[in-house]
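In: Test case, fold it:
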Amino acid sequence: MIKGVLLDYGGTIDTNGLHWGGVLWNSYQKYGVQIDQEIFSKAYSFGERALAIHPIVKPGHTFLDTLRLKVEQQFQFLKDNGFQVNPENIELIATDCHLFAKTTVAQAAPVLAQLSKQYPLVMVSNFYGNINSVLNDFGIAAYFNAVVESAVVGVRKPNPAIYQLGVDALQLPAEACVVIGDSYSKDIVPAHEIGCKTIWLNVQGWEETATKIDSVADVEINDFALVPEEVTKLRS
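Out: Now for the predicted structure:
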């Protein structure tokens, strides 16, 4: 029987399953940044590593602040590799992506409210040390009993240990917990390895294969709104 719920944040709650690489790429195209998708992927990976390794993001930064810093790093990579980029596009892309995330989180909030009435919720996220500021800014922090953030605990997905910390926070056996996430390799596989049930929000991959053979996920969905219904099925 399911007694606790662990949720990923980025790509799950804030984009309803779309990978952030795809969200940013769409905005790059919208504002006419003249690079191909292969180069963008390299710039995206550079930005992710930079924010994960260096203390660029501060605990008080909102998600809009985080997006600005992320796109700045991507543009710096492009500039360093000989591409001409308009710095004014940093703010346009960050604001565009923030509006998308804000809208999507607002749609996810009733789902979180419904879940929080039935189960204790724990957020488990690869983030930059400011996830609490982001959750507060979007008005969903109160739904979570605890937050396990990679930059704080020193463990990143796909290491299963980060999900074990989430299970420990719930003070429940792993088999009584369900993990919901958009990444097969970073959410579903490690959660399955420690014994949790899993719901895979399988919408659109980016760097990983979207369709897996012999998936270990207990449930696959294509809309975050389906989570309460599927958790109830797992509970019975």
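
In: What's the separation between the residue sitting furthest away from the middle of the chain and I35?
Out: When distances are taken from the C-alpha mean of the chain, G82 lies farthest, 30.7 Å away, according to Cα atoms, centre = their mean. When Cβ to Cβ, to the nearest Å is applied, the distance between G82 and I35 equals 11 Å. For the C-beta atoms, the positions are set from N, CA and C on the backbone; glycine is no exception.

In: distance between the longest helix anywhere in the chain and the chain's centre?
Out: With DSSP state H setting the assignment, residue counts place helix 88-118 as the longest helix in the chain. Relative to the mean C-alpha coordinate of its chain, helix 88-118 is positioned 11 Å out (Cα atoms, centre = their mean, to the nearest Å).

In: A176 contacts K3, correct?
Out: Yes - under the criterion of Cβ atoms under 8 Å, A176 is in contact with K3, at a separation of 4.3 Å.

In: So the residue farthest from the centre of the chain, which state does it fall into?
Out: Using DSSP: H, G, I helix; E, B strand; the rest coil, the three-state assignment for G82 comes out as coil.

In: can I assume K58 is in contact with N130?
Out: Yes - counting by Cβ under 8 Å, a contact exists between K58 and N130, whose distance comes to 6.6 Å.

In: Neighbour count for those two, which is higher?
Out: N130 (22 against 13; other Cβ atoms under 10 Å).

In: that's a strand at T198, yeah?
Out: Yes - residue assignment for T198, taken from three-state DSSP, places it within a strand.

In: Touching, it and S215? I think so.
Out: No - using Cβ under 8 Å, T198 makes no contact with S215, being 9.2 Å away.

In: Comparing these two, which residue is more hemmed in?
Out: In this comparison of T198 against S215, neighbours counted by other Cβ under 10 Å, the higher total goes to T198 at 25 against 15.

In: quick one, what contacts the more buried one?
Out: By Cβ atoms under 8 Å, 6 or more residues apart in numbering, T198 lies in contact with 178-181, 187-188, 191-192, 216-219.

In: And for G4?
Out: Neighbour list for G4: 119-122, 167, 170, 172, 176-178 [criterion: Cβ under 8 Å, 6+ apart].

In: If we use 6 Å, what do you get?
Out: Under the criterion of Cβ atoms under 6 Å, 6 or more residues apart in numbering, the contact partners of G4 comprise 119-120, 170, 172, 177.

In: need these in CSV with secondary structure, can you?
Out: Shown next, in CSV, are the contacts of G4 (three-state DSSP):
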residue, secondary structure
Y119, coil
P120, coil
L170, helix
L172, coil
C177, strand
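
In: Out of those, the closest to H19 would be?
Out: Minimum separation from H19 among the contacts of G4 (Cβ to Cβ) is found for C177, which lies at 24.6 Å.

In: Who does the closest one form a beta bridge with?
Out: G4 (DSSP bridges).

In: ok, it - how many residues close by?
Out: Applying the criterion other Cβ under 10 Å, we find 25 residues in the vicinity of C177.

In: Kindly report the same for the one 3 residues further on.
Out: Using other Cβ under 10 Å, the number of residues around I180 comes to 28.

In: thinking it is in contact with N202, fair?
Out: No - the pair formed by I180 and N202 falls short of the contact definition of Cβ atoms under 6 Å, at 11.4 Å.

In: List the residues that contact D137.
Out: Contacts for D137 were tallied using Cβ under 6 Å, 6+ apart; they are T62.

In: Kindly report the same for S27.
Out: S27 touches 93, 96-97, counting by Cβ under 6 Å, 6+ apart.

In: what inclination does the strand or helix carrying it have with respect to helix 88-118?
Out: Here S27 is covered by helix 20-30, with elements defined by DSSP states H and E. Calculated by axes from the mean of the first three to the mean of the last three Cα atoms, to 10 degrees, helix 20-30 forms an angle of 140 degrees with helix 88-118.
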